[in-house]
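K.L.:
here is a sequence together with a model predicted from it:
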Amino acid sequence: MSDSPYSATRRASSTHHGGHLGLGLEVAKAAAMAGAEVILAGRSPERLEESRRDVNRVATGSPAATVLLDLSSFASVRLATTLLHEKWDALDVLVNNAGVMAIDEATGEDGYELTMTINHLSPVLLSAGVLDLLERGHHPRLSFTSSLLHWTSRLKPGLLGELHSPYHRWAAYAHSKAANLAVALDMDRRARAAHSPVTVLCAHPGVASTHLGHEGSGLTNSLLRTLVAPLTPSAERGSRSLVDAALSHRYSGGSFVGPRWLLAGPSHIARPSPFVARPRFQREVLERTLALVGAEFY
């Protein structure tokens, strides 16, 4: 192990673009510098290989590994789960850092709204699929990534995954981030009741300069690409809360971790919106999610 404040033996970082862009890559680097064996997950073999080399340049332990994973497809998630079981007998940390924001209207391969599929449904399916590996890990931690925009969501659990008409790209993103936070809080509650060793947390980065929001064709997407991105903190600075939630033991299960000064700064305990903070809402979102993806969690 290094002299880093973080320590572990295995890591898994998961986003639509995998651990090879933005915040996911920065979390992977932090884990590698701590001596962890990092598993990068993503849909592009070429970008995964580039990121594997980036991570290995700072690694103090075993070289990074890669797993192909396309979060727009439940079949891809299940295949990745199978591969993880074939290659590893335990995981210490799983970081769900799904990555699409304000994309154009679309549905995923399984018929659900694409933002919700990538940002929420598939990460929950992956998490449930490797739960046994986490249970065999060393102080295992399961982390989800939310956003301050969850405060604007009034998600109806019964409509989770539905493509709303008219479609609003920012509402779709906010709903997915509210769902991320809700399931993290209820998952940790279930894990505690089951006397599980797995700690479940959620984090948000505040504001960071990443690829998010660049993919859509709307006016706000153009503004993000040309005006907002150059003025926001780097992905490395924005990843602080995610790194602390996933790799340190400063925060207990059920914590929501974010920047101290709302959009930036060192990590601290953030406050969920009153809407998402309701235990009944959290329970209903998790139950609906598990039903849609065909999975169980305690």
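P.N.:
Here it is on my side, so go on.
K.L.:
and the strands in the chain?
P.N.:
10-14, 37-42, 65-68, 93-96, 141-145, 199-203, 256-259, 267-269 (DSSP state E).
K.L.:
dump these to JSON lines, plus distance to Arg190.
P.N.:
Backbone N, C-alpha and C define where each C-beta goes, glycine included. Listed next are the strands of the chain as JSON lines, based on distance: least, C-beta to C-beta, whole Å:
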{"stretch": "strand 10-14", "distance to Arg190": "20"}
{"stretch": "strand 37-42", "distance to Arg190": "24"}
{"stretch": "strand 65-68", "distance to Arg190": "26"}
{"stretch": "strand 93-96", "distance to Arg190": "16"}
{"stretch": "strand 141-145", "distance to Arg190": "11"}
{"stretch": "strand 199-203", "distance to Arg190": "8"}
{"stretch": "strand 256-259", "distance to Arg190": "17"}
{"stretch": "strand 267-269", "distance to Arg190": "21"}
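K.L.:
reformat the ones you listed as TSV; add mean pLDDT.
P.N.:
TSV is the format used below for those (pLDDT from 0 to 100):
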stretch	mean pLDDT
strand 10-14	43
strand 37-42	95
strand 65-68	96
strand 93-96	96
strand 141-145	97
strand 199-203	97
strand 256-259	95
strand 267-269	95
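K.L.:
mean neighbour count for the ones you listed - can I get that in JSON lines?
P.N.:
Shown next, in JSON lines, are those (neighbours: other C-beta atoms under 10 Å):
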{"stretch": "strand 10-14", "mean neighbour count": "28"}
{"stretch": "strand 37-42", "mean neighbour count": "27"}
{"stretch": "strand 65-68", "mean neighbour count": "18"}
{"stretch": "strand 93-96", "mean neighbour count": "28"}
{"stretch": "strand 141-145", "mean neighbour count": "28"}
{"stretch": "strand 199-203", "mean neighbour count": "27"}
{"stretch": "strand 256-259", "mean neighbour count": "25"}
{"stretch": "strand 267-269", "mean neighbour count": "17"}
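K.L.:
isn't Leu286 right next to Arg189, touching?
P.N.:
No - counting by C-beta atoms under 8 Å, Leu286 stays clear of Arg189, with 9.2 Å between them.
K.L.:
out of those two, which sits in the more crowded spot?
P.N.:
The neighbour comparison of Leu286 against Arg189 (other C-beta atoms under 10 Å) goes to Leu286, with 22 against 18.
K.L.:
just the helices from the chain, written as ranges.
P.N.:
With DSSP state H as the criterion, the chain has helices at 22-33, 45-58, 74-87, 114-116, 122-129, 131-135, 169-193, 219-223, 235-238, 240-247, 279-293.
K.L.:
any buried residues in the longest one, and which?
P.N.:
It refers to helix 169-193. Using 16 or more other C-beta atoms under 10 Å as the test for burial, helix 169-193 gives 169-192.
K.L.:
that helix packs against which elements?
P.N.:
Judged by 3 or more C-beta pairs under 8 Å, 6 or more residues apart in numbering; DSSP states H and E, helix 169-193 is in contact with helix 114-116, helix 122-129, strand 141-145, strand 199-203, strand 256-259, helix 279-293.
K.L.:
now swap in the last one and tell me
P.N.:
With contacts defined as 3+ C-beta pairs under 8 Å, 6+ apart, helix 279-293 has these neighbours: helix 122-129, helix 169-193.
K.L.:
what about the residue lying closest to Ser122 once chain neighbours are set aside, how many neighbours?
P.N.:
Counting by C-beta to C-beta, 6 or more residues apart in numbering, Ser122 lies nearest to Leu71, which is 3.9 Å off, once chain neighbours are set aside. Number of residues near Leu71 (other C-beta under 10 Å) recorded here: 31.
K.L.:
could you tell me how far Leu71 is located from Arg57?
P.N.:
Distance, Leu71 to Arg57, by C-beta to C-beta, to the nearest Å: 26 Å.
K.L.:
same check, this time on His138
P.N.:
25 Å.
K.L.:
more crowded one of these two?
P.N.:
Taking other C-beta under 10 Å, His138 and Arg57 do not tie; His138 has more neighbours (14 against 9).
K.L.:
quick check: phi and psi at the closest residue to the more buried one other than its chain neighbours.
P.N.:
The spatially closest residue to His138, leaving aside those adjacent along the chain, is Asp92, at 5.1 Å (C-beta to C-beta, 6+ apart). Reported as degrees, to the nearest 10, the phi and psi values for Asp92 are phi -90, psi -40.
K.L.:
now Met187: closest residue in space, sequence neighbours ignored.
P.N.:
Residue nearest to Met187 in three dimensions, not counting chain neighbours: Val200, with 4.3 Å by C-beta to C-beta, 6+ apart.
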